[in-house]
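> would you be able to build a 3D model of this:
(3 chains)
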Amino acid sequence: MSSSLLHPDRLFPANPELRTVARELYQSIKDLPIVSPHGHTDPSWFANNQCFDNAADLLIKPDHYVFRMLYSQGIALQDLGVPTADGSPTSTDNRAIWRLFAKNYHLFAATPSRMWIDHVLYQVFGFSERFTEASADKFYDEINRQLATDEFRPRALLDRFNIELIATTEGALDTLEHHAKIRADGWGHRVVTAYRPDNVVDPEFEGFLDNLKVFGELSGCDISTWEGYLNAHRNRRAFFKSMGATSTDHGHAKATTANLSLEDAQALYQVVLSGKATAEQADTFRGQVLTEMAGMSVEDGLVMQLHPGSYRNHNQVVFDTFGRDKGADIPEQTEYVRALKPLLDKYGNNPNFTLILFTLDETVYSRELAPLAGHYPCLRLGPPWWFHDSPEGMRRFRQQATETAGLYNTVGFNDDTRAFLSIPARHDVARRMDCVSLAEWVADHRITMDEAHELAHELTYGLVKRAYKLD
Amino acid sequence: MSSSLLHPDRLFPANPELRTVARELYQSIKDLPIVSPHGHTDPSWFANNQCFDNAADLLIKPDHYVFRMLYSQGIALQDLGVPTADGSPTSTDNRAIWRLFAKNYHLFAATPSRMWIDHVLYQVFGFSERFTEASADKFYDEINRQLATDEFRPRALLDRFNIELIATTEGALDTLEHHAKIRADGWGHRVVTAYRPDNVVDPEFEGFLDNLKVFGELSGCDISTWEGYLNAHRNRRAFFKSMGATSTDHGHAKATTANLSLEDAQALYQVVLSGKATAEQADTFRGQVLTEMAGMSVEDGLVMQLHPGSYRNHNQVVFDTFGRDKGADIPEQTEYVRALKPLLDKYGNNPNFTLILFTLDETVYSRELAPLAGHYPCLRLGPPWWFHDSPEGMRRFRQQATETAGLYNTVGFNDDTRAFLSIPARHDVARRMDCVSLAEWVADHRITMDEAHELAHELTYGLVKRAYKLD
Amino acid sequence: MSSSLLHPDRLFPANPELRTVARELYQSIKDLPIVSPHGHTDPSWFANNQCFDNAADLLIKPDHYVFRMLYSQGIALQDLGVPTADGSPTSTDNRAIWRLFAKNYHLFAATPSRMWIDHVLYQVFGFSERFTEASADKFYDEINRQLATDEFRPRALLDRFNIELIATTEGALDTLEHHAKIRADGWGHRVVTAYRPDNVVDPEFEGFLDNLKVFGELSGCDISTWEGYLNAHRNRRAFFKSMGATSTDHGHAKATTANLSLEDAQALYQVVLSGKATAEQADTFRGQVLTEMAGMSVEDGLVMQLHPGSYRNHNQVVFDTFGRDKGADIPEQTEYVRALKPLLDKYGNNPNFTLILFTLDETVYSRELAPLAGHYPCLRLGPPWWFHDSPEGMRRFRQQATETAGLYNTVGFNDDTRAFLSIPARHDVARRMDCVSLAEWVADHRITMDEAHELAHELTYGLVKRAYKLD
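Reported below is the predicted structural model:
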């Protein structure tokens, strides 16, 4: 079910020598299973295995990469059917939404969204004519027809996409009943959760104090004390681990970590509980909890992931009208060297600890992250992330991080997506770009072809399995 | 009037496949008219249409890109005829200045200045032998001979250079009499002004309080109150608009914007008027005026341009001896995400507003500017600027901004120059480098050749016309 | 003594046209003498001319690039024979250390360490089979055999490596007796020192106050006063100059410079002497001394080198166990524009002054360093440094600095190493990458082949000789 509209050499260099090497390497790894240790697919899909509804609901309304670009060119989010926060009217004419998208598809030229959607249309749905305003209706009807078939049920797609394992991400208060059903149905070896406790770690999170109450109830721990609060985390981590989790995930404004005395930590927690923490205290608290999480990782073996540096919901009008996660999360400069020192001083040399660092600020690849990862035994570098999950972003990461960090201090690819149908496209882009980097090093004789084959396998499959302890 | 010394494939890739595609794209757009919406040519040239004087006065003394490089290698600015601030002696031997330049022309190897000057010498003046110390005199005489001909009068050059429109930049206190004459002579459709009010917006500008007095007189507004001050801007903006302006231009130290209450703004203005504003108050004031300017743009439709981040006149000795703008403006790190939020919260979603952002700090392309422009409807990204108006600067901009911002959130090329004869060279470099980027995306199958042709036209002509409302 | 395992075209582009040009340029400069104006080889080697001991002691234990990468993958430093600070046990089984290194040699894939070590093994030692776990013992024995021969004595290697001049680096308190012997033996024209006074300039250096006492004794100056302290520097600089020094070297946390009044400087010095300087006062003191050093350079002609921006000994556990310089120096963001202004205001336009700037923060190449160096007569840009002394680091430097700074404001290559046997490898990488940059500019017609030949010679040999006043 490939398509002549996806060129077999896409993303490969024009130089014949490089292209030949890239092709050969790609052939050797393109069919390896997908391991997706970090993402945001909905576990209810895999639990209930229901058909997806229609093209607009699946491919446009939930994909902020798609609607943010259309919005940036003056198209109202209501006209794209993005749900409003207060329930005020938004388009429900899915065909009209799809047509509007088709009419403006040129806006995505040379973006990764374009590549991912092309892959979904021409590979996953098998279209052999171009997606244009003129063909929009035909695409809409045919996509909807296919979505209603058994072949497009979530579990069938896991097979078809050759997904060996996929991790979802759930908050600390999640009851994981979908994962329970997944495990009861025998799919627990393929769909696992990850522990994302931001809403009970960040005092500035909406509803934080209410969240803490639920946190105490769910864990059966007395969250009125620092010790009880930490025990609640231990309890929830164990529960998540029982649902397959091998990792935790932390999305903070900064990379701050702290290493307070027990007394100071207790006192700070009481300030936080009072709801009167200053911005600085909130930052220190998040940093202290990160260090505690590292300590718990040493105990329970969960791999820790940290991705700081996003100014969330930057557009106030859009936030007020449509709520969170509407394409207005903007990266900021992020400092790691001093920020991570307290945590690293305590756990940085511990052989039982793994901390995977991500960034939205590419300036730290060569300056901070690669030197840190090229020294500390606990550190690994996550792949290019968010806006950098793109051919040029991947190229810059390999060019800027490899020489100092080495390839073995990286962890393969994360798709980090809720756009399930785009997962094969995203992994394919990563595999192709990795083969391009390897081909360049082969062509200028920095590595041998034998090494390149070994490294292609590692970057695609070996590193992710070991880093996330999935073996 | 081309020259064998300018290779027809200059700046194109060595790879034959890429070069062929780049050539084809370039052929399709190289003869499109030049639209120059932002620059610093002198409107008196176009008003009076006098011949230029001689090679040294035209090509060396006013071009800080040229004399800063010579100065960096130990050549005294006096020996290059750069005028002193206090009228102390400087060389008036234009032939000797030209010879000194020729003798040191090797210093410009691999810089954009070298490409621009080569283009001027070999294309505009049509020389077919190399510019060297040995040929310096011959060049000097022949250039001066040509400059004295009617073909080299400014209006003739507008035709010869195929300049459809050129914008100059004038301060808020400018009386625009040259533009009045230009319009009276029927050239107002080709030469327009732009409103650059820094000297009445920045409390730290030399002579700011005196400037305000003139500002009040010219506008007939009472600048002793905040309301009157704002009305003076409205008045001047309308006057500039009557002289063809479609844009305003703001060169601030930082990207700070503010959204004070009316009361606070009034109070701050009185502090500023007292001449006692602190550095922080001055920054807030500039930021508040930017937000007011955005509001006026919503009313009068002028497109707003912001280019922060230069430490002006960094070399104190050079400043004391020669005055402003002597090649010692040094970029600094610049933050946009928090700085722009007050303005964007107020006008960022307004469909009548366009804000074009420039930067001298390339680290923000992928981290801040592309994500902002890929979301906010009002935002567009200006082209690489100042030191980045260069082949490698342009390449980095396309590589780092395109995937997240998309191409349609950019605005084509600005030459931003006072070096009139270099305008075709600068646009030619930009067109070539755009074709190189497009060729790379065609060659690795990210876009089709049809799309590349469409995009080449957009990047050269379509985007600038729409972004600057020149249709 | 070349080897089929080092490809003659290594690091050259795959494109045949580019490769041909790069090859031709490289042929013309590859055999030029090595000039190494900045490095950390041990002068006792050249004074005593003893044989090196064994492969592990020479190539692993002292090379923090090697053991930091192994450590980052969980190999204990003790197992690599890295000496402990307190004399607690560390491996002394050199053959086992060598085997452990061989077993993990794949970790260095695509890093510069891999290229350097390959060069040492296959070129310097002449091996013609691959270095693997299986061949480790054979390599170990053969290396040790060769090291015991006269051909591998340090002075013989200076000849064999075609090293015209090498500078070592000594602290202000060094008595330079090795250099005295070198000069007595007639090698003073090839091995010189450089003045590195950090341990008597930085109030936060371990043992600073004790160091000052020795500083006073060695110089015969009264270091209880600011004037005496400065005279002590003058005295030591003259002594170092008599041992061949043409440069000073300053490794500070920041690029801060200061220009205090004499009174304020005197007062600050007394605070520093009291041992009670705050962090801010310590930074100002270092900055003031830098400006004083610049003034002394104007007097005595020593070229000044500044390389700020490293967070030293970041890993507290490793520091406590093994001491300084164990691969845990992590770069930080570094600001130059404001930091250097006090010094530049005072000496920036002085024709007798040269300041060579280095950075560990690549973001400043295009934003700060190139614009500064493209203007100030005193400034030159040092080559890519530390983690950036690598093919990709060199490429980024040329791409980001050249267009604004020009090539003549750079100073050729520094190897900056204590790994003596890797010096030819490091210079070879730099020469190859310079030829690659030049070939790209030739291929896209930015420079002519004649210019490229001239520039290749300058980048390899001419610039370093002039910048460091080695003629």
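
> is residue A:356 in a bridge, and if so with what?
Beta-bridge pairing for residue A:356 (DSSP bridges): residue A:305, residue A:380.

> can you check the pLDDT for it?
Note for residue A:356: predicted pLDDT of 98.

> that one touches residue A:380, doesn't it?
Yes: Residue A:356 lies in contact with residue A:380 (Cβ atoms under 8 Å); the separation is 4.9 Å. Yep, even glycine has a C-beta here, placed from its N, CA and C like the rest.

> list the residues that contact both of these two?
Shared contacts of residue A:356 and residue A:380 (Cβ atoms under 8 Å, 6 or more residues apart in numbering or on different chains): A:411, A:467.

> what pLDDT, on average, does stretch A:73-84 get?
The model assigns stretch A:73-84 a mean pLDDT of 97.

> which parts of it are buried?
A:75, A:77, A:79, A:80, A:81, A:82 (16 or more other Cβ atoms under 10 Å in any protein chain shown).

> show residues contacting that stretch.
So stretch A:73-84 is in contact with A:56-57, A:60-61, A:67, A:70-71, A:89-94, A:96-97, A:100-101, A:104, A:107, A:318, A:321-322, A:326, B:351, B:377, B:408-409, going by Cβ under 8 Å, 6+ apart.

> and the helix or strand in which residue A:319 is found, average pLDDT?
Using DSSP states H and E, residue A:319 sits in helix A:316-322. Throughout helix A:316-322, pLDDT has a mean value of 96.

> distance from that helix to the middle of the chain?
Between the centre of helix A:316-322 and the centre of its chain there are 24 Å (Cα atoms, centre = their mean, to the nearest Å).

> that one near chain B anywhere?
Yes: using Cβ under 8 Å from any Cβ of the partner chain, we find that helix A:316-322 touches chain B at A:316, A:317, A:318.

> swap in stretch A:271-280?
No: figure legend: stretch A:271-280 not in contact with chain B (Cβ under 8 Å from any Cβ); closest approach 13.0 Å.

> check which residues of that stretch are buried.
For stretch A:271-280, burial by neighbour count (16+ other Cβ under 10 Å) applies to A:271, A:272, A:273, A:277.

> now, the most widely separated pair of these?
A:273 and A:277 (8.9 Å; Cβ to Cβ).

> how about the strands in the stretch 151-300 of chain A?
Using DSSP state E, counting those that start in this stretch, the strands found in the stretch 151-300 of chain A span residues A:163-167, A:170-171, A:191-192, A:195-196, A:247-250.

> out of those, which gets nearest to chain B?
Distance to chain B, taken as Cβ to the nearest Cβ, is lowest for strand A:247-250 among those, at 20.2 Å.

> show me which residues of the stretch 201-350 of chain A sit near chain B.
A:311, A:314-318, A:327-333.

> write the PyMOL selection for whichever of those are buried.
If you want just the buried ones from these in PyMOL, going by 16+ other Cβ under 10 Å, the selection is:
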select buried, chain A and resi 311+314+315+318+327+328+329+330+331+332+333
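
> including distance to residue A:132, could the residues of the stretch 201-350 of chain A next to chain B go into a markdown table?
Below are those laid out as a markdown table (distance: Cβ to Cβ, whole Å):
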| residue | distance to residue A:132 |
| --- | --- |
| A:311 | 36 |
| A:314 | 33 |
| A:315 | 30 |
| A:316 | 36 |
| A:317 | 32 |
| A:318 | 29 |
| A:327 | 24 |
| A:328 | 29 |
| A:329 | 31 |
| A:330 | 32 |
| A:331 | 33 |
| A:332 | 38 |
| A:333 | 41 |
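
> with respect to chain C, which of the residues of the stretch 201-350 of chain A next to chain B is nearest?
Using Cβ to the nearest Cβ, residue A:333 is the member of those that lies nearest chain C, at 8.2 Å.

> any idea which element that closest one lies in?
Using DSSP H and E, residue A:333 maps to neither a helix nor a strand.

> without its sequence neighbours, what residue ends up closest to it?
Distance criterion Cβ to Cβ, 6 or more residues apart in numbering or on different chains; nearest residue to residue A:333, sequence neighbours excluded, is residue A:361 at 5.6 Å.

> quick check: domain ranges of chain A?
Split into domains by automatic domain parsing, chain A comes to A:16-51+A:151-467, A:52-150.

> wait, which of those domains is closest to residue C:416?
Nearest of those (Cβ to Cβ): domain A:16-51+A:151-467, 15.1 Å.

> off-centre distance for the closest one?
Distance, centroid of domain A:16-51+A:151-467 to centroid of chain: 7 Å (Cα atoms, centre = their mean).

> how long is that domain end to end?
Criterion Cα to Cα, to the nearest Å; first-to-last residue distance in domain A:16-51+A:151-467 is 35 Å.

> now do stretch A:254-263
End-to-end for stretch A:254-263, by Cα to Cα: 24 Å.

> near chain C, anything from it?
No: Stretch A:254-263 stays clear of chain C (Cβ under 8 Å from any Cβ), getting no nearer than 10.8 Å.

> now the residue nearest the centre of chain A, what's its secondary structure?
By Cα atoms, centre = their mean, chain A has its centre lying nearest to residue A:416, at 2.0 Å. Recorded secondary structure, residue A:416: coil (DSSP: H, G, I helix; E, B strand; the rest coil).
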